[in-house]
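Asker: Show me how the following folds:
(chains A, B, C and D)
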Protein chains: 2
Amino acid sequence: MVERISDAEHEIMEVLWIKAPLTATEVADRVADAKGWSLQTVKTLLSRLAAKAVIGTERDGRRFLYSPLVERDTYLAGVSRKFVDRLFGGKVTPLVAHLAEADELSDDDIREIEELLRELKG
Amino acid sequence: MVERISDAEHEIMEVLWIKAPLTATEVADRVADAKGWSLQTVKTLLSRLAAKAVIGTERDGRRFLYSPLVERDTYLAGVSRKFVDRLFGGKVTPLVAHLAEADELSDDDIREIEELLRELKG
DNA sequence: CGCTACTGACTACATCTGTAGTTTCATCGA
DNA sequence: TCGATGAAACTACAGATGTAGTCAGTAGCG
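Answerer: Take a look at the predicted model:
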C-alpha cells in the first residue's frame, strides 16, 4: 500500500524519479518550467511527501537531499490497479476499448500492444 | 470538458447510470450496501452533482427525480484520457504493460484485448 | 383542518490540496 | 566576529471532499 500521492506531489515525484538525490532548490528548478511553482510550494510538497515516507531525506550540511523511497513502477502499478478497479470493474479490456473508441489509439499503438501481448503469451 | 467528479460522487453516478431517474431515497438504498452512507450524505452528493450540472433534477410532487446528464461512456473516456496522459505520457502501451507485469492480465484478458484490437484494425 | 412525517435546503466541520508567506537558525564571507 | 544569505520549519488560507446534522416547508392522513 503506497500512500496516496496528490497531483501536485506527483509532479515532484516525477522529477525525483528522473534524478535523485536532489536538494529542494534543484527540484524547484526542474519543475519551474512546467508548473511555475514557487520554491516554498515545492518545499511544502517535499515535506508532505517526506511525512508520507514516500521520499527519504538525507542531511547534507545545512540542506537536505531528497530521494524517492518508492519506485516509479511500483507506484504506477498500484495506481493503475486502483484506477481500473474503480472505473472498469478491474477489467482492462473495457479501458482499452474506451481509449480505442475515443481515437486515442493509433495504428502504431495497436501494433505495439499486440506485440506486447504476444510476448506475454510466449 | 466534463466537470470533475469525486470518488464519492462517482459512486452515486454509477447508481444513476444503471437506472434513472431515481429519488434521493432510492439512490441511497442502492448505495447503502456498498458504502453505508446516510441518506443525508447521499443527498449532499446529489446536490453537488446537480450543482455541477452532471445530473439533472425533475420535480415529482414534493420530491426530486435525479438523472445523469453525462453518459457513462463519455465520462469514462475523459477520465481515462486524463489518467493515461498524466501517468503514462498519453501512451496506452506502458499502462497495459504495467497491468500485465503486475499479473493483472489473465490469459483470457489477453485474448479479449487481442480480439478487440483485431476488430479495430479490420 | 391540524399534525406528522418525509423531503429538500442550509449549515457544519475535519481533512486534504494547492499555493504560498513568515520565522528562525546556522553558516560563510568580509 | 558579525551580519547577510540561504535553508528548513512553522503558519496560513481558500477551495474540495467525506460525512453528516438541523431546519423548514408541504402533502397526505386522521
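Asker: List the contacts of the residue lying closest to A:Arg30 once chain neighbours are set aside.
Answerer: In this structure, A:Arg30 finds its nearest non-sequential neighbour in A:Val15, 4.6 Å apart by CB to CB, 6 or more residues apart in numbering or on different chains. (C-beta placed from N, C-alpha, C; glycine too.) By CB atoms under 8 Å, 6 or more residues apart in numbering or on different chains, A:Val15 lies in contact with A:Leu22, A:Val27, A:Arg30, A:Val31.
Asker: Name the helix or strand for the last one, please.
Answerer: Here A:Val31 is covered by helix A:24-35, with elements defined by DSSP states H and E.
Asker: packing partners for the helix or strand bottoming out on mean pLDDT in chain A?
Answerer: Here the helix or strand of chain A ranked lowest by mean pLDDT, DSSP states H and E is helix A:92-101, holding a mean of 84. Judged by 3 or more CB pairs under 8 Å, 6 or more residues apart in numbering or on different chains; DSSP states H and E, the packing partners of helix A:92-101 are helix A:72-88, helix B:72-88, helix B:92-101, helix B:107-121.
Asker: quick revisit: so which of the contacts of A:Val15 is the most crowded?
Answerer: The most crowded member of the contacts of A:Val15 is A:Val27, carrying 25 neighbours; neighbours defined as other CB atoms under 10 Å in any protein chain shown.
Asker: how far away is it from A:Ile12?
Answerer: Distance, A:Val27 to A:Ile12, using CB to CB, to the nearest Å: 6 Å.
Asker: how distant is stretch A:67-75 from the center of its chain?
Answerer: On the basis of CA atoms, centre = their mean, to the nearest Å, stretch A:67-75 is displaced by 8 Å from the centre of the chain it belongs to.
Asker: right, is that stretch up against chain B?
Answerer: Yes: contact of stretch A:67-75 with chain B (CB under 8 Å from any CB of the partner chain) involves A:Asp73.
Asker: could you check whether that stretch is close to DNA strand C?
Answerer: No: for a cut-off given as CB under 7 Å from any atom of the strand, stretch A:67-75 has no contacts with DNA strand C; the smallest distance is 14.1 Å.
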